[in-house]
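*Asks:* fold the following and give me the result.
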Amino acid sequence: MCEITTFTVQKMDSKANNYIKESCQLCNAPNPSLQHILSSCKTALTQGRYRWRHDRVLRKLAEILEVRRAETARERLSQTSRRPIHFVREGGGAPIHQRSPQDPALSRQFEWILRVDLDRQLRFPTEITTTNLRPDIILWSATAQTTVILAELTVPWEGGMGAAFERKKDRYLDLTAECREAGWAAVSYPVEVGCRGFVGASTQRFLKNMGVTGPKLRKALKDLAEEAEQGSFWLWLRRKDQVWGKQGNINEGWLPADDPAATRNGTVGGAASRNAQQAVTCLCYHH
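*Replies:* Modelled structure (predicted):
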């Protein structure tokens, strides 16, 4: 995140005022604001630009959850290897483990399966229920078949995060109820990461409930924010390019040479690229 000086803000504000006197190069909307460019242009939406940024953030969120899922697997094996022997009185029953309120939802008591709606169309697990809905993330306990966790990500303009939360919560109410009717303990998490890098409280709460805490949580939030910022930076740079997709050098599983992820990894870039990214970041936080 850039350090914003008074001079820098005034300079970026001047550039923004000059730009909004033009029409949007994609949809011809008059006086396009930063909000229009990053989240409200219908042509950008139709072309999949916002979906591309959404999937960048979703991929990072999936990586964070996969690390946590692997941790629970190791914890489960370690716990099994040193599990104490409980002696039971004659006629008595074996003790039953009860999950305490402090235990994370992604408990090490179960073996978890993770599916993410990336690269190819996600199909909801038929062993849970049948639906045409496609949550961004599905986690369910494979062995005990007791718990299913749904998560739906939105990368909106920060002013619309509350509305996005309510909209996605309502969308998955029926599916959550169907899972419960089928005998599963189901919970749905709408999560938001603002397109300018502000991570919503819903996302922090979700990760904490999954057992991501302390320094790992802080790093996860920082990584998610950077993915959103980098995606918006790229959309800003391409705001006047009418071609998008394969012809515009955006394709699944491949990054163009000047994509911000490639720049971040050090493969390309320079002073001009860094200055452009600093400019859009300052614009994002000034408006």
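
*Asks:* strands of the stretch 51-200 of the chain, start to end?
*Replies:* Taking DSSP state E, counting those that start in this stretch as the test, the strands found in the stretch 51-200 of the chain are 112-116, 137-141, 147-154, 185-192.

*Asks:* tell me the most buried of those?
*Replies:* Mean neighbours per residue, mean count of other Cβ atoms under 10 Å, is largest over the strands of the stretch 51-200 of the chain for strand 147-154, with a mean of 24. Where you see a C-beta, it was placed from the backbone N, CA and C, and this is true even at glycine.

*Asks:* before we move on, back to that, as CSV, the strands of the stretch 51-200 of the chain with distance to residue 222 and mean pLDDT would be great.
*Replies:* Formatted as CSV, the strands of the stretch 51-200 of the chain follow (distance: least, Cβ to Cβ, whole Å; pLDDT from 0 to 100):
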stretch, distance to residue 222, mean pLDDT
strand 112-116, 21, 92
strand 137-141, 20, 93
strand 147-154, 17, 95
strand 185-192, 16, 95
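
*Asks:* nearest to residue 177, of those?
*Replies:* strand 185-192 (7.9 Å; Cβ to Cβ).

*Asks:* now do the very next helix or strand once past the closest one against strand 147-154, angle only.
*Replies:* The helix or strand immediately downstream of strand 185-192 is helix 201-209, counting by DSSP states H and E. Interaxial angle of helix 201-209 relative to strand 147-154 (axes from the mean of the first three to the mean of the last three Cα atoms, to 10 degrees): 150 degrees.

*Asks:* then helix 201-209 to CSV, C-alphas only?
*Replies:* C-alpha atoms of helix 201-209 as CSV (Å, rounded to 0.1, in the frame of the first residue of the first chain):
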residue,chain,number,x,y,z
ALA,A,201,-15.5,-8.0,8.6
SER,A,202,-17.4,-11.0,7.2
THR,A,203,-14.2,-12.3,5.6
GLN,A,204,-12.2,-11.9,8.9
ARG,A,205,-15.0,-13.7,10.8
PHE,A,206,-15.1,-16.5,8.2
LEU,A,207,-11.3,-17.1,8.4
LYS,A,208,-11.3,-17.0,12.2
ASN,A,209,-14.1,-19.6,12.2
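
*Asks:* elements contacting that helix?
*Replies:* Packing contacts for helix 201-209, counted by 3 or more Cβ pairs under 8 Å, 6 or more residues apart in numbering; DSSP states H and E, involve strand 185-192, helix 214-237.

*Asks:* what's the most buried one of these?
*Replies:* strand 185-192 (a mean of 22).

*Asks:* how about residues contacting that strand?
*Replies:* 61, 105, 135, 146-156, 161, 164-169, 172-173, 175-177, 179-180, 199-200, 202-203, 205-206, 209 (Cβ atoms under 8 Å, 6 or more residues apart in numbering).

*Asks:* swap in stretch 209-219?
*Replies:* The contact list for stretch 209-219, computed with Cβ under 8 Å, 6+ apart, reads 64-65, 68, 71-72, 104-106, 149, 189, 204, 207-208, 220.

*Asks:* can you give me the end-to-end span of it?
*Replies:* Start-to-end span of stretch 209-219 (Cα to Cα, to the nearest Å) is 16 Å.

*Asks:* circling back to that earlier point, which of the contacts of strand 185-192 are buried?
*Replies:* Using 16 or more other Cβ atoms under 10 Å as the burial test, the contacts of strand 185-192 include 61, 105, 135, 147-156, 161, 164-165, 168, 172, 175-176, 179, 199-200, 202-203, 206 as buried.

*Asks:* so which of the helices and strands packed on helix 201-209 is nearest residue 125?
*Replies:* Closest to residue 125 of these, according to Cβ to Cβ: strand 185-192, at 11.9 Å.

*Asks:* partners of that closest one in the sheet?
*Replies:* Using DSSP bridges, strand 185-192 pairs in its sheet with strand 147-154 (parallel).

*Asks:* re the thing from before, would JSON lines of the strands of the stretch 51-200 of the chain with distance to residue 49 be doable?
*Replies:* Shown next, in JSON lines, are those (distance: least, Cβ to Cβ, whole Å):
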{"stretch": "strand 112-116", "distance to residue 49": "20"}
{"stretch": "strand 137-141", "distance to residue 49": "22"}
{"stretch": "strand 147-154", "distance to residue 49": "15"}
{"stretch": "strand 185-192", "distance to residue 49": "18"}
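
*Asks:* no further queries at this time; thank you.
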